[in-house]
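In: Build me a model from this:
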Amino acid sequence: MDEDTEEYMLSNKAKENLKDKKNLKQNLESGKSVFELIDFKQETCAKFYQAAFKLFEEHKYADAADAFLFLITLDSANHDYWLGLGMSTQLLHQYEAAIDAYEMAAISKLDSPVPYFYLAKCLYAVHDKESSLSALNLAIEYSNDELIFQDLKNQAIVARDLLLKDIN
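Out: From the prediction side, this is the model:
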């Protein structure tokens with residue numbers, strides 16, 4: 001086995017851990033991620049994420065969605081993986097799947113305005129204007145006055161104002 005692929009291979013210990021269903025169930029119920037159970041390094045997951053993001057940047061959204069879904073199976077609490085899945089499925093016009101992914105992103109990082117902003121777009125696309133308005137309000141609220149979210153907040157305010165005119 002060459003050194004370049006060795007880090008992606010499961011160790012014998014990891015394989016044994018996965019075969020022990022009782023232990024596996026206990027570990028997952030206690031909150032451990034698959035990532036932890038198979039002894040992958042953070043650097044390995046970072047490489048997987050870079051590959052998924054590259055697919056996204058190359059507009060290979062179906063492949064990117066698959067890659068982000070794989071990452072989510074490794075670590076379902078990772079906010080960025082859920083956002084990647086949401087954005088990929090949104091750009092494939094799979095709005096229901098994107099809504100689910102953005103909701104999971106919001107749960108995994110409660111104070112982030114990003115998933116709410118994109119969630120609002122998907123909710124609007126499926127003609128749920130009231131829920132879209134709620135998501136925009138959450139995006140604005142969670143943006144606070146943080147400089148990093150200022151552009152997102154401004155866009156959310158404009159979208160909210162347009163939506164309010166459309167609803168009324």
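
In: looking only at pLDDT, what's the mean for the longest helix along the chain?
Out: Longest helix of the chain, by residue count under DSSP state H: helix 150-167. On average, the pLDDT along helix 150-167 is 96.

In: do stretch 100-120 as well
Out: If you average the pLDDT values across stretch 100-120, you get 97.

In: Show me the helices in this structure, by range?
Out: 3-6, 12-19, 21-29, 34-37, 42-57, 61-74, 79-91, 95-108, 114-125, 129-143, 150-167.

In: possible to save those as a markdown table with mean neighbour count?
Out: No exception for glycine: its C-beta is placed from N, CA and C like everyone else's. Below are the helices of the chain laid out as a markdown table (neighbours: other C-beta atoms under 10 Å):
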| stretch | mean neighbour count |
| --- | --- |
| helix 3-6 | 8 |
| helix 12-19 | 12 |
| helix 21-29 | 11 |
| helix 34-37 | 17 |
| helix 42-57 | 15 |
| helix 61-74 | 19 |
| helix 79-91 | 23 |
| helix 95-108 | 21 |
| helix 114-125 | 23 |
| helix 129-143 | 20 |
| helix 150-167 | 14 |
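
In: Would you single out the least confident of those?
Out: Looking at the helices of the chain, the bottom one is helix 3-6 with a mean of 62.

In: Need the residue closest to the centroid of this protein.
Out: Centroid check for the chain by C-alpha atoms, centre = their mean gives residue 82 as the closest residue, at 1.0 Å.

In: returning to that earlier point: what does the longest helix of the chain contact?
Out: Contact with helix 150-167 is made by 113-114, 117, 120, 124, 129-130, 132-133, 136-137, 139-140, 143, as judged by C-beta atoms under 8 Å, 6 or more residues apart in numbering.

In: ok, the closest residue to residue 62 other than its chain neighbours - how many residues close by?
Out: Take residue 62 and drop its neighbours on the chain: the residue closest to it by C-beta to C-beta, 6 or more residues apart in numbering is residue 92, 6.3 Å away. Using other C-beta atoms under 10 Å, residue 92 has 14 neighbouring residues.
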